[in-house]
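Q: Predicted structure and sequence below. I'll ask about it afterward.
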Amino acid sequence: MPAQLLQGKPIAEAIKSEVAAEVMGLHFRPGLAVVRVGEDPASAVYVGSKVRTTEELGMYSEHIHMQPDITQAELLNIVRELNARNDIDGILVQLPLPGHINDREILEAIDPAKDVDGFHPMNVGRLSQGLESLVPCTPAGVIEILKRSNIEIAGRHAVVIGRSNIVGKPMAMLLLQENATVTICHSRTRDLPAITRQADILIAAIGRAGFVRGEHIGENAAVVDVGINNVSDKDFAAELFSEEDLPKRLAAIEKRGFTLVGDVNPKEAMERAGSFTPVPGGVGLLTVAMLMKNTVAAAVMRRGA
Ligand code: GUN
């Protein structure tokens, strides 16, 4: 039987409706500032979606777009000014930043109470100790997909491939908090398929198109694909997509020069997994919804309901 597709859209819509209802009940308007530097095309799309959604849900949104030659000191000043403003509850500095900028120093300058990305060491530490914190949006979205799709987490073996600070590490922490038995795999892991095949829940966050193949997936596993990669090679696309999906993927390559592919080979996952999040249309849609949820949570924590 082919895997059940875990669609992100209805779950993201449900979360956004919940957030909009919560915003309506507040006596103030939560505000989110998104800082973008330069002209990275993917960042422009992501930030556009964050700004639009913030406004749709009745919150105040500010998009601060700076030239790529901004200095470290200037960017730090922008963050400090946002920290000091009472109308701004959440601050997100879109990554990647230009090479001359020290990301770490910028992210650590954000007031932890406004750190809606959950990247500040204070929030990372609080998460690892099981304390209330602002949690990175993408892994938080994965937990929502699992829970709202009635996929049990407690007591099951969750294997995370990837150990980035944005996804892999916080993902493992959140799964642990949900009482899963957690294994983290990475580029130095020996005999990866032997480990990932044991997963009841397999999370792919590696950043390589179609890396997870059938041999990595245990029968009936829930496979969550966090990757977003561009594929422009038509022969490679033919290895990734079923006969049914391939024509529209080839048409996308023809038209835009690429098609979006996750870290999992979708054709092979559909044959082996119990359930599977598609790319696009899976986890990606949850990330913005969780950012909205974090913004309201930050506002309520800082100002009181
Ligand atoms: N770039 C890609 N993903 C993210 C994210 O979750 N937060 C920020 N700030 N930048 C990103």
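A: Okay, I see it. Numbers count the residues shown, from 1 in each chain.
Q: Okay, residue 8 and residue 107: tell me how far apart.
A: Here residue 8 is placed at a distance of 26 Å from residue 107 (Cβ to Cβ, to the nearest Å). C-betas here are computed from N, CA, C, even on glycine.
Q: more crowded one of these two?
A: Relative neighbour count places residue 8 above the other of residue 8 and residue 107, with 23 against 19, counting by other Cβ atoms under 10 Å.
Q: give me every residue that touches that one.
A: Listed by Cβ atoms under 8 Å, 6 or more residues apart in numbering, the contact partners of residue 8 are 141, 145, 277, 278, 281, 282, 283, 284, 285, 286.
Q: secondary structure class for the residue of the stretch 1-150 of the chain found nearest the ligand?
A: Sorted by distance to the ligand under Cβ to the nearest ligand atom, the residues of the stretch 1-150 of the chain start with residue 95, at 3.7 Å. Using DSSP: H, G, I helix; E, B strand; the rest coil, the structure places residue 95 in coil.
Q: remind me which residues of the protein are low pLDDT?
A: Low-confidence regions of the chain, defined by pLDDT under 70, are absent; no residue qualifies.
Q: For it, which segments are assigned as strands?
A: 4-5, 31-37, 60-66, 90-93, 157-161, 181-185, 201-204, 222-225, 229-231, 259-261, 275-276 (DSSP state E).
Q: Sheet-wise, list the partners of the last one with their directions.
A: What that stands for is strand 275-276. In the sheet containing strand 275-276, its partner strands are strand 4-5 (parallel), strand 222-225 (parallel), by DSSP bridges.
Q: what does the third one give?
A: Paired neighbours of strand 60-66 in the sheet (DSSP bridges): strand 31-37 (parallel).
Q: ok, residues contacting the strand it pairs with?
A: Contacting residues not belonging to strand 31-37 are listed as 43-44, 47, 50-51, 54, 59-68, 70, 75, 78-79, 82, 85, 87-94, 97-98, 101, 116, 291, 295, 299 [Cβ under 8 Å, 6+ apart].
Q: go on, stretch 227-235?
A: Residues external to stretch 227-235 that are found in contact with it (Cβ under 8 Å, 6+ apart): 204-211, 237, 240, 250, 253, 257-264, 279-280, 284.
Q: Out of these, list just those in helices.
A: Using DSSP state H, the members of the contacts of stretch 227-235 that fall in helices are 237, 240, 250, 253, 284.
Q: Please tabulate those residues in CSV and include distance to the ligand as additional columns.
A: Written out in CSV, the entries for those read as follows (distance: Cβ to the nearest ligand atom, whole Å):
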residue, distance to the ligand
237, 24
240, 22
250, 27
253, 23
284, 10
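Q: filter those to the buried ones?
A: In the ones in helices among the contacts of stretch 227-235, burial by neighbour count holds for 237, 240, 253, 284, counting by 16 or more other Cβ atoms under 10 Å.
Q: and the stretch 51-200 of the chain, which residues reach the ligand?
A: Proximity of the stretch 51-200 of the chain to the ligand is confined to 92, 93, 94, 95, 117, 137, 138, 166 under the rule Cβ under 6 Å from any ligand atom.
Q: got those residues as CSV, with neighbour count columns?
A: What follows is these, written out as CSV (neighbours: other Cβ atoms under 10 Å):
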residue, neighbour count
92, 24
93, 24
94, 20
95, 16
117, 23
137, 25
138, 22
166, 18
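Q: Quick check: the two most widely separated of these?
A: Among these, the pair separated by the greatest distance (Cβ to Cβ) is 93 and 138, at 15.8 Å.
Q: could you pull out the helices for the stretch 51-200 of the chain?
A: For the stretch 51-200 of the chain, the helices identified by DSSP state H, counting those that start in this stretch occupy 72-84, 103-109, 121-128, 137-148, 168-177, 192-196, in order along the chain.
Q: returning to what we had before: state the number of residues packed around the residue nearest to the residue of the stretch 1-150 of the chain closest to the ligand when sequence neighbours are not counted.
A: The shortest distance from residue 95 to any non-neighbouring residue, by Cβ to Cβ, 6 or more residues apart in numbering, is to residue 103 (6.6 Å). Taking other Cβ under 10 Å as the neighbour definition, residue 103 ends up with a count of 14.
Q: which residues sit in contact with residue 103?
A: Applying Cβ under 8 Å, 6+ apart, one finds that residue 103 lies in contact with 95, 96, 97.
Q: any idea how far the second one lies from residue 222?
A: Same thing as residue 96. In this structure, residue 96 and residue 222 are separated by 30 Å, where distance is defined by Cβ to Cβ.
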